[in-house]
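S.K.: Have a look at this prediction, sequence included:
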Amino acid sequence: MPNTFESESRKLLGRLRDTMASQAAGQERLDQITHLTADSMGTEVCSIYLFRDEETLELCATQGLNAESVHQTRMKLGEGLVGRVARTGKVINAADAPSAKGFRYMPETGEEIYSSFLGVPIQRLGEKLGVLVVQSKEAREFSADEVYALEVVAMVLAEMTELGAFVGEGAALRARHTQSVLIRGVTAQEGTAEGHIWLHEPRVVVTNLVGDDPEKESARLTDAVENLRVSVDQLLAGASGDTEQVQVLEAYRMFANSKGWLRRMEENIDRGLSAEAAVEKEQSDVRARMLQATDAYLRERLQDLDDLSNRLLRILTGQGHQTGAELPENPILVARNIGPGELLEYGRQLRGIILEEGSVGSHAAIVARALAIPLVINAKRIQNEALNGDHVMVDGDQGVVHLRPDDTVVSAFRDKMAMQAKAQERYASIRDKPAVTLCGKTIRLDMNAGLMADLPSLESSGAEGVGLFRTELQFLVRSQMPKRTELAALYARVLDAAQGKRVVFRTLDIGSDKVLPYMQAQDEPNPALGWRAIRVGLDKPGVMRMQLQALLRAANGRPLSIMFPFIAQYEEYTAARAEVDKAIAREKKLGHTLPEKLEIGAMLETPSLAFASNKFYEEVEFLSIGGNDLKQFFFAADRENERVRRRYDTLNVSFLTFLEGIVDRCATTNTRLSFCGEDAGRPVEALCLAAIGLQSLSMRPASVGPVKHLLRRCNLDDVRNIIQTARDAGEQSVRPAVMEYLRGLT
Ligand code: PEP
Ligand code: MG
């Protein structure tokens, strides 16, 4: 690049910095920038267009166009050349603008006399803020260096916007991060919470954009990159196996050593940017590429590069959560995504969680559910909108986030929370009472668990025991396969905490949506129907054997209940059971104490098992209906697929009839039966399950109170009659009739 241009660019940046440092009001600063830029680029016009709302751009400052049109001229996203730059996020460089595609004539600005047009997006880390334009009468295409210089000005503008440099009296912009924002996401764990934002990855704000001494800036960059390399190497040394984490770290290392990456940042410094601004400019380019990338692999790698740039920025600016940084009061965690281990580290301190991405079946969602922390996922833009410490209300029931809510929202939301708290008090008052219906039937209510953190709920929820302990959670939250001794100690602690209450340990249920980070992921066309749960356990019995042994050791003479997941046919049960027998024989030989009582059951999660032979029903010691899986297979509707997962009602008469058939079979063979899918925790569903004869339900701890409260007010004979009437009438679902009945309750 010619030195003359470099010094021009540097001069412009220097003058911009003076503008930034000046005491001028917001509008004046914007005006100065247009003036400086036009002057430095040798163009007649320089204009700044900023977003008024998501769809509308407004001319906010101009040098060269009609001054009267400032704050008057507006255009829609995609409209005219400016709108096109805003929509696509791409530069438009046209020598003959009036004949360029999409040109729109705006008489109020007097722009028809300008021939060439260069428009660059004003964006900060992928967030679009507006468009910066220069125009000149002379028909010429702008050089690559000129484009670069304008992009740098746009970047400075974006940073200044972030820093609130353009707000104030008669200003062009309202202050960012001050308005209330409503973000609609998806519910991943119900519940409501009010608190203050804690950004898992706090945004780094670059205040020092211009570098006077390129050598010094370059040395700072080199030091920071070296620092980064060392830290990535250390992380790699601490990770082990061929895990996803290792793969990501290796990608980090590759990028951290990439000459191209460093060179591009060095070039930014040569052109007058500070080291941190040079990193951020490169990061912005990466984000722009990420938005365009359609290939999933490429997008992931660009994501890695983006993460790496963040780390580098944190090293350079010293920003980010330092160890010991304090969580705000009632912290609500905001992250793009978060791993289960990291989430567990925050633990119950969190009041709520908001993720920009995530999925209902993700490990983070599993942990949030275990901890009963309201979780909203797919909350688009939350990371851009939220600042550390912002007031926020999380409505996990509706999947909605109210960021910096106004007074009316605050009071409505607090009313809702107060009502929920009142309900909680009601539930607490019946905690130690049994779930006896008006017709005198007692329903056993157990809770589902999976983490040590769940166990205190056994006491507080009033559950009679743990009807389902999902052992895979302990495997999912680790980065390495747990050892037998670790597992034995953990299961022993679970049994200790249960103080003699029954705990049903379900053996490892992996595959489908639950992929262990340290196991080779199977690329299956249809994972829910694939190699999962007991199928993995029987085909590769090593882990199952280790787990069975750990369970026997943990019991150390105490009663033990083991349940196998996803049994689809009798032989799978007998084969799994044979593994238990082998484990017992081995323990005996080694002289270990055997459980005083051992019961072995199976989960009924595939329709096939509903039709298994009587022999199976007689042999199995207990059955638990995994309604989540059973329902997805009954209706052929993927439980993870947002488009279909709520399509079929659990209270569909066909499904209830099917379940009733299982209840009847168990009654004939005298097989203990329970239901442990999510529906057991939904009061209306639980009521209908009880009405068709299920006497034992296992649910999230928070559901025990609401379910018990409803059961105690209902007569199951009435509900059974309602179901029968709906069936006779050919209704699709019994819900309307049951709701009618509930409305009539006092
Ligand atoms: C179920 O399928 O209903 C169940 C309880 O198991 P999971 O949700 O863990 O698959
Ligand atoms: Mg299941």
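M.R.: All right, it came through fine. Numbers count the residues shown, from 1 in each chain. Ligands and ions are numbered 1, 2, ... in the order given.
S.K.: Might one say that A95 is in contact with E141?
M.R.: Yes - using Cβ atoms under 8 Å, A95 is in contact with E141, at 4.5 Å. Where C-beta positions appear, they are placed from N, C-alpha and C, glycine not excepted.
S.K.: Which of the helices or strands spans A251?
M.R.: Secondary structure assignment for A251, by DSSP states H and E: helix 244-256.
S.K.: Counting neighbours, which bits of that helix end up buried?
M.R.: Across helix 244-256, burial judged by 16 or more other Cβ atoms under 10 Å covers E244, Q245, V246, V248, L249, A251, Y252, R253, F255, A256.
S.K.: same question, stretch 78-94
M.R.: 79-87, 89, 91-94.
S.K.: and the two most separated of the residues you listed?
M.R.: Within those, two members stand farthest from each other by Cβ to Cβ: E79 and N93, at 19.1 Å.
S.K.: ok, A95 and E141, which is more surrounded?
M.R.: The neighbour comparison of A95 against E141 (other Cβ atoms under 10 Å) goes to A95, with 16 against 12.
S.K.: phi, psi of the more buried one?
M.R.: Dihedral angles of A95 (phi, psi; degrees, to the nearest 10) stand at phi -70, psi -30.
S.K.: check contacts around it.
M.R.: S115, S116, A139, R140, E141 (Cβ atoms under 8 Å, 6 or more residues apart in numbering).
S.K.: What parts of this structure come near ligand 1?
M.R.: L468, R470, D509, E605, G626, G627, N628, D629, C676, G677 (Cβ under 6 Å from any ligand atom).
S.K.: what about the third one, how many neighbours?
M.R.: Number of residues near D509 (other Cβ under 10 Å) recorded here: 26.
S.K.: With L694 instead?
M.R.: Counted by other Cβ under 10 Å, the residues lying close to L694 total 22.
S.K.: And the residue nearest to it when sequence neighbours are not counted, how far from L273?
M.R.: Closest residue to L694 in three dimensions, ignoring its sequence neighbours and counting by Cβ to Cβ, 6 or more residues apart in numbering: F675, at 5.1 Å. The spacing between F675 and L273, counted by Cβ to Cβ, to the nearest Å, is 62 Å.
S.K.: so R287 is in which element?
M.R.: R287 belongs to helix 275-292 when elements are defined using DSSP H and E.
S.K.: Which residues are in contact with the spatially most central residue of the chain?
M.R.: The chain has G358 as the residue nearest its centroid, 3.0 Å off, counting by Cα atoms, centre = their mean. Residues touching G358, when contacts are defined by Cβ under 8 Å, 6+ apart, comprise A188, N337, A364, A365, L375, I377, N378.
S.K.: could I get those residues as JSON lines with pLDDT, neighbour count and distance to ligand 2?
M.R.: Listed next are those as JSON lines, based on pLDDT from 0 to 100; neighbours: other Cβ atoms under 10 Å; distance: Cβ to the ion, whole Å:
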{"residue": "A188", "pLDDT": "89", "neighbour count": "24", "distance to ligand 2": "17"}
{"residue": "N337", "pLDDT": "84", "neighbour count": "15", "distance to ligand 2": "24"}
{"residue": "A364", "pLDDT": "80", "neighbour count": "27", "distance to ligand 2": "19"}
{"residue": "A365", "pLDDT": "83", "neighbour count": "22", "distance to ligand 2": "15"}
{"residue": "L375", "pLDDT": "96", "neighbour count": "33", "distance to ligand 2": "20"}
{"residue": "I377", "pLDDT": "94", "neighbour count": "23", "distance to ligand 2": "21"}
{"residue": "N378", "pLDDT": "92", "neighbour count": "20", "distance to ligand 2": "23"}
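S.K.: any low-confidence regions in the stretch 51-200 of the chain?
M.R.: Residue ranges of the stretch 51-200 of the chain with pLDDT under 70: 110-112, 167-176.
S.K.: thinking again about what came up before, and after the helix holding R287, which helix or strand comes next?
M.R.: Scanning onward from helix 275-292 (DSSP H and E), the first element met is helix 296-317.
S.K.: what's near enough to touch L118?
M.R.: With contact taken as Cβ under 8 Å, 6+ apart, L118 is in contact with V91, I92, N93, A94, V133, V134, Q135, F142, E146, V147, L150.
S.K.: The third one looks like it's in a helix, true?
M.R.: No - per DSSP: H, G, I helix; E, B strand; the rest coil, N93 lies outside any helix segment and is strand.
S.K.: so it touches A144, yeah?
M.R.: No - the pair N93 / A144 is not scored as a contact, 9.2 Å apart, by Cβ under 8 Å.
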